[in-house]
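> the following block contains a protein sequence and its predicted model.
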Amino acid sequence: QVQLVQSGADVKEPGASVKVSCKASGYTFTDYYIHWLRQAPGQGLEWMGRVNPKSGGTNFAQKFQGRVTLTRDTSISTAYMELSRLRSDDTAVFYCARGWTMSVSYFDFWGQGSLVTVSS
Amino acid sequence: VVMTQSPLSLPVTLGQPASISCRSSQSLLRVDGYTYLNWFQQRPGQSPRRLIYNVFNRDSGVPDRFSGSGSGTDFTLRISRVEAEDVGVYYCMQGSDWPPTFGQGTQVEIK
């Protein structure tokens, strides 16, 4: 069965960086984009960007451009999201979700979420 | 594309129908003939789950009491008979234009 398993919760100080992983199983990793989304406490969903696991190509929401790095390791079917220059308002749950590369298809499976707390 | 949902809070009686509206700031009909409007459910403490894709297609395992309809800029998610497990926040999301965007969410609660 399809699974996206994310890394655990993390606490970072303002100005630091955080790297979240998303391990895929149950499907061909390179057939689906891995998207990253953010959900601040009590707030809605916000799309951050996506990586094409086959090519490594990336696309980003404008507000995250320059602060987010998306990578993948196809040998272990894992995608990574690194957010730099953390601020207190980056405190959120980060989700990975997949979308088929061969059509306009979004978020049919999600990871369990990774809580990142930014606090001094 | 700005997605606007209403209402933002929806108290419902068990066994009664419920309806959530989603309006987009521009038409979501693409030149390929498809309309990429999705609905997601987020139960308390859980990850979102896709219920409906491309306006009216139910995802695998989604109960048939959930249905989606609409076209152009106006879309609706209906629950024919609300059950206790339907409590949560529902989001519409468009993938017709770049970047993908979500509505603010509608909180469904039991009266």
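Perfect, thanks for sending it.
> quick check: next helix or strand after whichever strand or helix holds B:M93?
According to DSSP states H and E, B:M93 maps onto strand B:88-94. Using DSSP H and E, the helix or strand that follows strand B:88-94 in sequence is strand B:101-102.
> contact partners of the helix or strand just after that following strand?
For strand B:101-102, the succeeding helix or strand toward the C-terminus, using DSSP H and E, is strand B:106-110. Applying Cβ atoms under 8 Å, 6 or more residues apart in numbering or on different chains, the contact partners of strand B:106-110 are B:5-14, B:18, B:20, B:79, B:82, B:84, B:86-91. In this view, the C-beta of every residue, glycine as well, is placed from N, C-alpha and C.
> recalculate using a threshold of 6 Å.
Identification of contacts with strand B:106-110 by Cβ atoms under 6 Å, 6 or more residues apart in numbering or on different chains yields B:Q5, B:L8, B:S9, B:L10, B:P11, B:I20, B:V87, B:V89, B:Y90.
> and that strand, which strands flank it?
Partners of strand B:106-110 in the sheet, by DSSP bridges, are strand B:9-12 (parallel), strand B:88-94 (antiparallel).
> now A:I76: phi and psi?
phi -130, psi 20 (degrees, to the nearest 10).
> how close does it get to A:K23?
From A:I76 across to A:K23, the span is 7 Å (Cβ to Cβ, to the nearest Å).
> what does chain A put close to chain B?
A:G44, A:L45, A:W47, A:A61, A:V104, A:Y106, A:F107, A:D108, A:W110, A:Q112, A:G113 (Cβ under 6 Å from any Cβ of the partner chain).
> count of neighbours near the third one?
Yep, that's A:W47 we're talking about. Neighbour count of A:W47, defined by other Cβ atoms under 10 Å in any protein chain shown: 22.
> bridged to it, which residues?
Assessed by DSSP bridges, A:W47 has beta-bridge partners A:L37.
> who are the contact partners of it?
Remark: with contacts taken as Cβ under 6 Å, 6+ apart, A:W47 is in contact with A:L37, A:A61, B:P99, B:P100.
> now the fourth one
The neighbourhood of A:A61, defined by Cβ under 6 Å, 6+ apart, consists of A:W47, A:M48, B:P99.
> can you tell me the closest non-neighbouring residue to the second one?
So the one you mean is A:M48. Spatial nearest neighbour of A:M48, chain neighbours left out: A:W36 (4.5 Å); criterion: Cβ to Cβ, 6 or more residues apart in numbering or on different chains.
> from B:Q16, how far out is the one you found?
As judged by Cβ to Cβ, A:W36 and B:Q16 stand 37 Å apart.
> compare those two (neighbour count), which wins?
Per other Cβ under 10 Å, whichever of A:W36 and B:Q16 has more neighbours is A:W36, with 26 against 11.
> isn't the more buried one up against A:M81?
Yes: using Cβ atoms under 6 Å, A:W36 is in contact with A:M81, at 4.6 Å.
> any idea of the pLDDT on the residue nearest to A:M48?
If you check A:W36, the pLDDT there is 98.
> that one and A:A92, how far apart?
The value you get for A:W36 to A:A92, if Cβ to Cβ is used, is 11 Å.
> helices along chain A, start to end?
Applying DSSP state H to chain A gives no helices.
> just give me the residue right at the centre of it.
Nearest to the geometric centre of chain A sits A:W36, at 3.2 Å (Cα atoms, centre = their mean).
> OK, contacts around that one?
By Cβ under 6 Å, 6+ apart, the contact list for A:W36 reads A:M48, A:G49, A:M81, A:C96.
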